[in-house]
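Engineer: okay, predicted coordinates and the sequence, questions at the end:
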Amino acid sequence: MKVQNMKSSTLLARSSKTINLISLVGLLCFSSMAQADGISDLKNALNRLQGQSNVKALMEVKSSRKQGEEKEAIETTGYINASLEDGTRGLQISFSKDILNKLEMEARARVKDKDAKSSTRLASFEVTPEESQMMLSAVNALQRQIEEGNFRGEKNDTYNGKPARLLTFEFGVERLPASAKKYIKSFESRLEIWIQPDGTPLASKLIERGSGRAFIVVGFQQASEEHNVYQVIGDRLLITRRESKNQSSGAGERADTKVVKTLQVQT
């Protein structure tokens, strides 16, 4: 009788372990499916939002740059606005007569004083076709990042106080051009994307940090961060706010830059 009880206990223990193992495998599978669903939902949303309809917007750019250390630092700021339009004729960027007059006044001032402040000119360097197109149609840039990155996980989160899902991707040193890799000793890059329940992007943040040494004796460090806020207009995914920060130091020098771009859609 004791032998039978011992056998029964052993069988029950094995059965319990089997059930626990099955439950664990099921949980892992469910977790993997949930993660895969997040990427799938995001990709489906991006496919829906490759807009072809015309869109017009006013883009404002504010930039600042601080170079040097403490009291010796030189600070410069910039501001410009431009009208953007994207449609069947392609991307069009135009500046008002007032902006063009300011650029001319700054150019004349630099003839007399090479160090004259040129705030409009400084900000104008940020109004490029690539960046302007991305502001009006953010899908392609996000698709490239997803394809290039390594998916690291998904979790429930909030964005602006509302439920959201947060997807995280990481990039390796392969992200850098060959000319830069030989100087890099450490590098990390992480992309976070907040999405709605249906996969529509709400915001994203890209953080990169690196350090290395050039010419044997010159060490350097660099850190950058980009934060985008998205909005759906018709069949398009737009970036309504883009903030970029960059810090770099090396050879006794330090530079901090910040650029904020905002988009006001015109109807």
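Structural biologist: Arrived safely. Numbering: from 1, shown residues only.
Engineer: CA only for contacts and neighbour counts going forward, please
Structural biologist: Will do.
Engineer: the strand or helix carrying Gly212 pairs with which strands?
Structural biologist: Take DSSP states H and E as the rule and Gly212 turns out to sit in strand 201-214. Taking DSSP bridges as the criterion, strand 201-214 forms sheet pairs with strand 184-195 (antiparallel), strand 218-233 (antiparallel).
Engineer: which other residues reach that strand?
Structural biologist: Contacts with strand 201-214, where a contact means CA atoms under 8 Å, 6 or more residues apart in numbering, come from 42, 45, 159, 183-196, 219-231.
Engineer: buried ones among the residues you listed?
Structural biologist: Of the members of these, the ones counted as buried by neighbours, 16 or more other CA atoms under 10 Å, are 42, 45, 183-184, 187, 189-196, 219-231.
Engineer: show me where the stretch 51-200 of the chain has its helices.
Structural biologist: 97-112, 119-124, 129-136, 139-148, 178-181 (DSSP state H, counting those that start in this stretch).
Engineer: quick one: closest of those to Ser83.
Structural biologist: helix 129-136 (9.9 Å; CA to CA).
Engineer: rounded mean pLDDT for the closest one, please.
Structural biologist: Averaged across helix 129-136, pLDDT comes to 96.
Engineer: got the CA coordinates for that helix in PDB?
Structural biologist: Taking only C-alpha atoms (Å, rounded to 0.1, in the frame of the first residue of the first chain), the coordinates of helix 129-136 have been written out as PDB:
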ATOM      1  CA  PRO A 129      14.800  68.600 -48.700                       C
ATOM      2  CA  GLU A 130      15.400  65.300 -46.700                       C
ATOM      3  CA  GLU A 131      14.200  66.700 -43.400                       C
ATOM      4  CA  SER A 132      11.300  68.700 -44.900                       C
ATOM      5  CA  GLN A 133      10.000  65.600 -46.700                       C
ATOM      6  CA  MET A 134      10.300  63.500 -43.500                       C
ATOM      7  CA  MET A 135       8.200  66.100 -41.600                       C
ATOM      8  CA  LEU A 136       5.400  65.900 -44.200                       C
END
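Engineer: identify the bridge partners of Ser189.
Structural biologist: Beta-bridge partners for Ser189, by DSSP bridges, are Phe171, Glu208.
Engineer: tell me how far it lies from Gly250.
Structural biologist: Distance of Ser189 to Gly250, computed by CA to CA, to the nearest Å: 20 Å.
Engineer: now do Asp157
Structural biologist: In this structure, Asp157 and Gly250 are separated by 37 Å, where distance is defined by CA to CA.
Engineer: please apply the same query to Thr158.
Structural biologist: Between Thr158 and Gly250 the distance, using CA to CA, works out to 38 Å.
Engineer: residues contacting Asp86?
Structural biologist: Asp86 sits in contact with 54-56, 92, 133, 136, where contact means CA under 8 Å, 6+ apart.
Engineer: how close does Ala255 sit to Ile74?
Structural biologist: To Ile74, Ala255 is 9 Å away according to CA to CA.
Engineer: swap that for Lys102, sorry
Structural biologist: 22 Å.
Engineer: the two: who's more crowded?
Structural biologist: Relative neighbour count places Lys102 above the other of Lys102 and Ile74, with 16 against 12, counting by other CA atoms under 10 Å.
Engineer: am I right that that one is in contact with Thr120?
Structural biologist: Yes - under the contact definition of CA atoms under 8 Å, Lys102 touches Thr120, with a separation of 6.9 Å.
Engineer: between Ala255 and Ile74, what contacts are shared?
Structural biologist: 66-68.
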